[in-house]
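# Based on what follows, work out the 3D shape:
(2 chains)
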Amino acid sequence: AQKVTQAQTEISVVEKEDVTLDCVYETRDTTYYLFWYKQPPSGELVFLIRRNSFDEQNEISGRYSWNFQKSTSSFNFTITASQVVDSAVYFCALSGSGTYKYIFGTGTRLKVLA
Amino acid sequence: GAVVSQHPSWVICKSGTSVKIECRSLDFQATTMFWYRQFPKQSLMLMATSNEGSKATYEQGVEKDKFLINHASLTLSTLTVTSAHPEDSSFYICSARGNLEDHNEQFFGPGTRLTVL
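All right, here's what the predicted structure looks like:
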(Lines give C-alpha, C1' and ligand atoms only; values in the text may rest on other atoms or scores of the structure.)
Protein backbone atom coordinates (compact mmCIF):
# COMPACT_ATOMS: atom_id res chain seq x y z
CA ALA A 1 0.00 0.00 0.00
CA GLN A 2 1.09 3.53 -0.66
CA LYS A 3 1.03 6.20 1.98
CA VAL A 4 2.20 9.75 2.52
CA THR A 5 2.67 11.16 6.00
CA GLN A 6 2.96 14.84 6.79
CA ALA A 7 3.27 14.78 10.53
CA GLN A 8 3.25 18.54 10.96
CA THR A 9 -0.34 19.70 10.96
CA GLU A 10 0.38 23.38 11.42
CA ILE A 11 3.53 25.46 11.68
CA SER A 12 3.82 29.11 12.60
CA VAL A 13 6.96 31.09 11.97
CA VAL A 14 7.93 34.71 11.99
CA GLU A 15 8.80 36.32 8.69
CA LYS A 16 12.38 35.74 7.53
CA GLU A 17 12.72 32.52 9.47
CA ASP A 18 13.57 29.30 7.63
CA VAL A 19 11.04 26.49 7.83
CA THR A 20 11.14 22.83 6.80
CA LEU A 21 8.05 20.83 5.95
CA ASP A 22 8.43 17.10 6.35
CA CYS A 23 7.10 14.40 4.04
CA VAL A 24 7.58 10.68 4.56
CA TYR A 25 6.25 8.18 2.07
CA GLU A 26 5.70 4.45 1.75
CA THR A 27 5.63 2.49 -1.47
CA ARG A 28 6.74 -0.86 -2.82
CA ASP A 29 7.18 0.52 -6.34
CA THR A 30 10.73 0.95 -7.57
CA THR A 31 9.60 3.70 -9.93
CA TYR A 32 7.51 6.42 -8.41
CA TYR A 33 7.05 10.17 -8.39
CA LEU A 34 6.85 12.68 -5.59
CA PHE A 35 5.25 16.09 -5.75
CA TRP A 36 4.80 19.17 -3.64
CA TYR A 37 1.84 21.52 -4.07
CA LYS A 38 0.90 24.78 -2.43
CA GLN A 39 -2.76 25.54 -1.73
CA PRO A 40 -3.37 29.20 -0.87
CA PRO A 41 -6.70 30.32 0.62
CA SER A 42 -8.17 30.58 -2.87
CA GLY A 43 -8.04 26.79 -3.04
CA GLU A 44 -6.24 26.37 -6.34
CA LEU A 45 -3.34 23.94 -6.17
CA VAL A 46 -0.03 25.40 -7.26
CA PHE A 47 2.55 22.93 -8.53
CA LEU A 48 5.96 23.34 -6.89
CA ILE A 49 8.09 20.37 -7.83
CA ARG A 50 8.12 16.84 -9.22
CA ARG A 51 10.83 14.31 -8.48
CA ASN A 52 11.15 10.76 -9.76
CA SER A 53 12.55 7.94 -7.70
CA PHE A 54 15.75 7.70 -9.71
CA ASP A 55 16.74 11.29 -9.20
CA GLU A 56 17.98 11.91 -5.69
CA GLN A 57 19.56 15.21 -6.44
CA ASN A 58 18.45 17.97 -4.18
CA GLU A 59 16.92 20.95 -5.87
CA ILE A 60 16.89 24.64 -5.17
CA SER A 61 14.54 27.13 -6.74
CA GLY A 62 14.89 30.60 -5.31
CA ARG A 63 13.93 30.45 -1.64
CA TYR A 64 12.63 26.89 -2.02
CA SER A 65 14.71 23.75 -1.70
CA TRP A 66 13.93 20.07 -1.55
CA ASN A 67 15.81 17.22 0.07
CA PHE A 68 14.98 13.78 -1.31
CA GLN A 69 16.41 10.83 0.60
CA LYS A 70 15.38 7.35 -0.49
CA SER A 71 17.17 5.78 2.47
CA THR A 72 14.69 7.39 4.84
CA SER A 73 11.78 7.63 2.35
CA SER A 74 11.59 11.35 2.87
CA PHE A 75 11.08 14.31 0.58
CA ASN A 76 11.35 17.41 2.73
CA PHE A 77 10.71 20.98 1.64
CA THR A 78 12.50 24.00 3.03
CA ILE A 79 11.53 27.62 2.62
CA THR A 80 14.36 30.02 3.33
CA ALA A 81 13.64 33.51 4.62
CA SER A 82 9.90 32.91 4.75
CA GLN A 83 7.47 35.60 3.70
CA VAL A 84 3.84 36.27 4.59
CA VAL A 85 2.87 35.24 1.04
CA ASP A 86 4.17 31.76 1.80
CA SER A 87 1.24 31.25 4.16
CA ALA A 88 -0.75 28.34 2.72
CA VAL A 89 -1.36 24.65 3.06
CA TYR A 90 1.35 22.53 1.51
CA PHE A 91 0.69 19.03 0.26
CA CYS A 92 3.13 16.27 -0.54
CA ALA A 93 1.90 13.61 -2.98
CA LEU A 94 3.07 10.25 -4.25
CA SER A 95 2.27 8.56 -7.55
CA GLY A 96 3.30 5.04 -8.33
CA SER A 97 4.39 3.57 -11.61
CA GLY A 98 1.54 2.62 -13.93
CA THR A 99 -1.32 3.85 -11.78
CA TYR A 100 -1.13 7.62 -12.28
CA LYS A 101 -3.14 8.11 -9.11
CA TYR A 102 -1.92 10.58 -6.53
CA ILE A 103 -1.85 9.76 -2.86
CA PHE A 104 -1.86 13.03 -0.95
CA GLY A 105 -0.54 13.63 2.52
CA THR A 106 -2.77 15.36 5.01
CA GLY A 107 -1.07 18.68 4.38
CA THR A 108 0.83 21.14 6.55
CA ARG A 109 -0.67 24.55 7.20
CA LEU A 110 2.08 27.16 7.27
CA LYS A 111 1.44 30.53 8.85
CA VAL A 112 4.08 33.17 8.38
CA LEU A 113 3.61 36.07 10.74
CA ALA A 114 4.77 39.57 9.92
CA GLY B 1 0.53 25.21 -21.37
CA ALA B 2 -1.38 22.43 -19.58
CA VAL B 3 -4.28 24.52 -18.34
CA VAL B 4 -7.35 22.95 -16.79
CA SER B 5 -10.49 24.94 -16.14
CA GLN B 6 -13.55 24.19 -14.04
CA HIS B 7 -17.02 25.63 -14.23
CA PRO B 8 -18.63 26.89 -12.16
CA SER B 9 -16.10 28.09 -9.61
CA TRP B 10 -18.78 28.06 -6.95
CA VAL B 11 -22.40 26.97 -6.75
CA ILE B 12 -25.12 27.08 -4.14
CA CYS B 13 -28.08 24.77 -4.53
CA LYS B 14 -31.05 23.49 -2.61
CA SER B 15 -31.10 20.06 -1.08
CA GLY B 16 -32.43 17.46 -3.49
CA THR B 17 -31.32 19.15 -6.67
CA SER B 18 -28.58 17.99 -9.02
CA VAL B 19 -25.47 19.95 -9.82
CA LYS B 20 -23.14 19.53 -12.78
CA ILE B 21 -19.49 20.54 -12.67
CA GLU B 22 -17.42 20.76 -15.84
CA CYS B 23 -13.70 20.14 -16.14
CA ARG B 24 -11.93 21.12 -19.35
CA SER B 25 -8.37 20.75 -20.55
CA LEU B 26 -7.80 23.90 -22.58
CA ASP B 27 -4.58 23.25 -24.46
CA PHE B 28 -4.02 19.51 -24.41
CA GLN B 29 -5.91 16.29 -24.83
CA ALA B 30 -6.68 14.65 -21.53
CA THR B 31 -6.82 10.89 -21.81
CA THR B 32 -7.43 10.56 -18.09
CA MET B 33 -9.20 12.88 -15.70
CA PHE B 34 -9.48 12.63 -11.96
CA TRP B 35 -12.06 14.00 -9.55
CA TYR B 36 -11.18 14.87 -5.97
CA ARG B 37 -13.18 16.08 -3.03
CA GLN B 38 -11.74 18.18 -0.25
CA PHE B 39 -13.60 18.93 2.97
CA PRO B 40 -12.55 21.98 5.02
CA LYS B 41 -9.09 21.64 6.53
CA GLN B 42 -8.67 18.16 5.09
CA SER B 43 -6.66 16.65 2.31
CA LEU B 44 -7.74 15.86 -1.22
CA MET B 45 -9.45 12.52 -1.54
CA LEU B 46 -9.67 10.86 -4.94
CA MET B 47 -13.25 10.08 -5.88
CA ALA B 48 -12.86 8.57 -9.32
CA THR B 49 -10.70 8.19 -12.37
CA SER B 50 -12.18 8.56 -15.82
CA ASN B 51 -10.74 7.66 -19.18
CA GLU B 52 -12.15 9.16 -22.32
CA GLY B 53 -14.88 7.00 -23.80
CA SER B 54 -15.11 4.51 -20.96
CA LYS B 55 -16.82 4.23 -17.60
CA ALA B 56 -15.25 5.89 -14.62
CA THR B 57 -13.52 3.88 -11.93
CA TYR B 58 -14.69 4.90 -8.49
CA GLU B 59 -12.72 4.71 -5.30
CA GLN B 60 -14.00 2.60 -2.46
CA GLY B 61 -16.82 4.26 -0.58
CA VAL B 62 -17.79 6.65 -3.37
CA GLU B 63 -21.34 6.13 -4.60
CA LYS B 64 -21.27 5.97 -8.38
CA ASP B 65 -25.01 6.52 -8.67
CA LYS B 66 -24.72 9.73 -6.69
CA PHE B 67 -21.61 11.10 -8.36
CA LEU B 68 -22.08 10.62 -12.08
CA ILE B 69 -18.97 11.11 -14.16
CA ASN B 70 -18.92 11.50 -17.91
CA HIS B 71 -15.76 11.81 -19.99
CA ALA B 72 -17.23 12.11 -23.45
CA SER B 73 -14.34 13.87 -25.14
CA LEU B 74 -10.60 14.31 -24.74
CA THR B 75 -11.08 17.80 -23.35
CA LEU B 76 -14.18 17.54 -21.18
CA SER B 77 -15.26 15.60 -18.15
CA THR B 78 -18.33 16.32 -16.06
CA LEU B 79 -19.24 15.43 -12.50
CA THR B 80 -22.92 15.49 -11.61
CA VAL B 81 -23.85 15.40 -7.96
CA THR B 82 -27.34 13.95 -7.97
CA SER B 83 -29.91 14.70 -5.28
CA ALA B 84 -27.40 16.80 -3.40
CA HIS B 85 -27.58 17.04 0.38
CA PRO B 86 -25.79 19.35 2.82
CA GLU B 87 -23.19 16.68 3.53
CA ASP B 88 -22.15 16.88 -0.13
CA SER B 89 -21.01 20.45 0.43
CA SER B 90 -17.33 20.42 -0.36
CA PHE B 91 -14.58 21.67 -2.64
CA TYR B 92 -14.42 19.56 -5.79
CA ILE B 93 -11.20 19.57 -7.80
CA CYS B 94 -10.53 17.93 -11.11
CA SER B 95 -7.21 17.12 -12.71
CA ALA B 96 -6.10 15.82 -16.05
CA ARG B 97 -3.17 14.08 -17.58
CA GLY B 98 -2.27 13.96 -21.24
CA ASN B 99 -1.37 11.03 -23.41
CA LEU B 100 2.21 12.17 -23.72
CA GLU B 101 2.84 12.35 -20.03
CA ASP B 102 5.51 9.96 -18.92
CA HIS B 103 6.07 11.14 -15.40
CA ASN B 104 2.60 10.85 -13.92
CA GLU B 105 2.01 14.57 -13.61
CA GLN B 106 -1.56 15.73 -13.26
CA PHE B 107 -2.69 19.27 -14.04
CA PHE B 108 -5.25 20.60 -11.61
CA GLY B 109 -8.27 22.77 -12.16
CA PRO B 110 -9.02 25.69 -9.83
CA GLY B 111 -11.78 23.82 -8.01
CA THR B 112 -15.52 24.22 -7.54
CA ARG B 113 -16.97 25.07 -4.17
CA LEU B 114 -20.37 23.45 -3.71
CA THR B 115 -22.71 24.53 -0.95
CA VAL B 116 -25.95 22.62 -0.49
CA LEU B 117 -28.58 24.36 1.60
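# quick one: B:Q42 and A:G105 touch, right?
No - counting by CB atoms under 8 Å, B:Q42 does not reach A:G105; the two are 11.4 Å apart. Any C-beta I mention is one placed from the backbone N, CA and C, and that applies to glycine too.
# When these two are compared, which one has more neighbours?
Taking other CB atoms under 10 Å in any protein chain shown, B:Q42 and A:G105 do not tie; A:G105 has more neighbours (25 against 14).
# pLDDT at the more buried one, what is it?
For A:G105, the pLDDT comes out at 97.
# show me what contacts B:M47?
B:M47 sits next to B:35-37, B:58-59, B:62, B:67, B:79 when contact means CB atoms under 8 Å, 6 or more residues apart in numbering or on different chains.
# element containing it?
Element membership for B:M47, per DSSP states H and E: strand B:45-51.
# need the next SSE after that strand, C-terminal direction.
Using DSSP H and E, the helix or strand that follows strand B:45-51 towards the C-terminus is strand B:57-58.
# near chain B at all, the helix or strand of chain A with the lowest mean pLDDT?
Taking mean pLDDT, DSSP states H and E as the measure, the helix or strand of chain A with the lowest value is strand A:59-61, at a mean of 90. No - contact between strand A:59-61 and chain B is absent, the nearest approach being 14.7 Å (criterion: CB under 8 Å from any CB of the partner chain).
# For that strand, which outside residues touch it?
Residues from elsewhere that reach strand A:59-61, judged by CB under 8 Å, 6+ apart: A:49, A:51, A:65-66.
# how close does the residue most central in space within chain B sit to chain A?
Central residue of chain B (CA atoms, centre = their mean): B:W35, 3.4 Å from the mean position. Separation of B:W35 from chain A (CB to the nearest CB, to the nearest Å): 12 Å.
# which residues does that residue bridge with?
B:W35 has these beta-bridge partners by DSSP bridges: B:A48, B:C94.
# mind checking how far it is from B:M45?
From B:W35 across to B:M45, the span is 10 Å (CB to CB, to the nearest Å).
# interface residues of chain B facing chain A?
B:32, B:34, B:38, B:41-46, B:49, B:91, B:93, B:95, B:97, B:103-106, B:108, B:110-111, B:113.
# Grab the nearest non-local neighbour of A:E17.
The shortest distance from A:E17 to any non-neighbouring residue, by CB to CB, 6 or more residues apart in numbering or on different chains, is to A:S82 (5.5 Å).
# now B:F91
Spatial nearest neighbour of B:F91, excluding adjacent residues (CB to CB, 6+ apart): B:Q38 at 4.4 Å.
# wait, doesn't the one you found sit right on B:C94?
No - at 11.7 Å, B:Q38 does not count as touching B:C94 under the criterion of CB under 8 Å.
# quick one, which of the two is more surrounded?
Per other CB under 10 Å, whichever of B:Q38 and B:C94 has more neighbours is B:C94, with 30 against 21.
# Contacts only, for that one.
Here B:C94 is in contact with B:4, B:6, B:21, B:23, B:33-36, B:77, B:79, B:108-109 (criterion: CB under 8 Å, 6+ apart).
# Could you rerun that using 7 Å?
B:4, B:6, B:23, B:33-35, B:77, B:109 (CB atoms under 7 Å, 6 or more residues apart in numbering or on different chains).
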